[in-house]
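Colleague: Here is my input, please return the structure:
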Amino acid sequence: MLDVMRCLDEELRQSPAPDVKAYKVIRVLLEASINALEKGNHDPQTFDRATLLEICDPKMKAAGRDPARWLSTANLEAFLDARMNSIRRRAEQMGLKHLPVIASSEAKGGAGNQRIYWLATRPVEASDGGPLVGPAHRQIIYTRTENGEVQPALFLRLIFRKGVLENRSWRGLMMFITVLFGMGSLLLWVLASIWSLSTIDQALTLRQLASSVLVVFLAWFIWRGVHQPWVELVDNRVVKAAAPLLALKEDSAELEMYRDDAKRPWTRFVRFSSDCPFCGGRVLLAEGKPDHLMPLVGRCGESPHAHVFSFDRARLSGVYIGPPLG
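Modeller: Okay, the predicted model is just below:
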């Protein structure tokens, strides 16, 4: 069994994915197993979800994240299965007759009844190595962050309390006025620049032409990054939040407009994410273009153009829409 664990260790070292949750968890299980086996201890090295969460993501643990929602058995199995062909070839080269697998208890969770995980082995079978193309591996379920988990930029925090804004409130009115004022100022700036050029009687110099191009470029950048998301949000209900609207620590998030039980409209900063069923990577929303017509699609961080999924905000689900699977 030690040789099988070392085989898996070599595979993970050759293809590291330190940002992938499943990779972190399997590394914890693997290192514990190797250390125990080298000392002659063949007992399974088990970890429950709460312990794995504390080791792999202490910030999520401190924030009160539910361990059962944080880690699923399917996510770990998908990550390992995606690399099984390479693991099998490496095992054959080493003369091994077994492959590593994720083992877990049958506990459903709950107080005093936590599901536990460990690494085990199984014999090599002739059917190993087939691609996972069944219907179950074409579907994903998105999760939405809780209010306040995604932080907006500093200049928006006075309006968005915990990342949430009630549209029909004085803060909502302030936001509406701010957006209109910004768009008007941008338009006046561009018009003033064009007017200043039209009043020149002599031929344009290279410096004046370069300044005009710079004005157009900056105006487009400001419109794209600051103003356009608010305009598209009214029709699309979910849009990507541009980097200038997010806190520096945030790398990807969305703006969502929704209605509460009283039918009052709200706007909030959220992040929709899922686990890739093919490789176990993290799926985040991104622009559908140029390869898809939909405004937003889910793209796997490990393979953003091959592992692509649709996004259904109402059902928080998606299906595989990437290149045809063999």
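Colleague: can we go C-alpha only for contacts and neighbour counts from here?
Modeller: Fine.
Colleague: what bridges to the most centrally placed residue in the chain?
Modeller: By C-alpha atoms, centre = their mean, the chain has its centre lying nearest to Leu284, at 3.2 Å. For Leu284, the beta-bridge partners are Ser273, Arg299 (DSSP bridges).
Colleague: From Leu173, how far out is it?
Modeller: 31 Å (C-alpha to C-alpha, to the nearest Å).
Colleague: got it, and Cys279?
Modeller: 45 Å.
Colleague: So between the two, which is more surrounded?
Modeller: Cys279 (23 against 14; other C-alpha atoms under 10 Å).
Colleague: Now do the more buried one, the pLDDT please.
Modeller: Reported pLDDT at Cys279 in the predicted model: 80.
Colleague: would you say it is within a helix?
Modeller: No: Cys279 is assigned coil when assessed by DSSP: H, G, I helix; E, B strand; the rest coil, not a helix.
Colleague: show me what contacts it?
Modeller: Counting by C-alpha atoms under 8 Å, 6 or more residues apart in numbering, Cys279 makes contact with Ala78, Phe79, Leu80, Asp81, Ala82, Arg83, Glu302.
Colleague: quick one: the first one and Arg282 touch, right?
Modeller: It refers to Ala78. No: with contact defined as C-alpha atoms under 8 Å, Ala78 does not reach Arg282; the gap is 11.9 Å.
Colleague: Overlap in contacts, these two.
Modeller: Cys276.
Colleague: ok so, going back, so which of the contacts of Cys279 is the closest to Glu166?
Modeller: Glu302 (36.2 Å; C-alpha to C-alpha).
Colleague: and Tyr258, which of the three is it?
Modeller: Under three-state DSSP, Tyr258 comes out as strand.
Colleague: Kindly report the same for Ala192.
Modeller: Ala192 - assigned by three-state DSSP - is helix.
Colleague: before we move on, what about Leu188?
Modeller: helix.
Colleague: For it, grab the count of nearby residues.
Modeller: Neighbours around Leu188, by other C-alpha under 10 Å: 12.
Colleague: Equivalent analysis for Pro18, please.
Modeller: Counted with other C-alpha under 10 Å, Pro18 comes out at 11.
Colleague: any idea how far Asp291 is from it?
Modeller: 28 Å.
Colleague: just Trp220 next, same as before
Modeller: For Trp220, the distance to Asp291 - C-alpha to C-alpha - is 23 Å.
Colleague: So which of these two has more stuff around it?
Modeller: Neighbour tally, Trp220 and Asp291, criterion other C-alpha under 10 Å: the higher count belongs to Trp220, 15 against 10.
Colleague: For that one, give me phi and psi.
Modeller: phi -60, psi -40 (degrees, to the nearest 10).
Colleague: How about Ala62?
Modeller: phi -70, psi -30.
Colleague: wait, what's in contact with Ala247?
Modeller: Gln151, Pro152, Ala153, Leu154.
Colleague: Next one, pLDDT for it please.
Modeller: In this prediction, Ala247 has a pLDDT value of 89.
Colleague: and if you look at Gln208?
Modeller: Value listed for Gln208 in the pLDDT field: 69.
Colleague: again with Ile34
Modeller: 92.
Colleague: Equivalent analysis for Ala63, please.
Modeller: 75.
Colleague: which residues in the stretch 201-326 of the chain form helices?
Modeller: Assigned by DSSP state H, counting those that start in this stretch, the stretch 201-326 of the chain shows helices spanning 206-222, 228-236.
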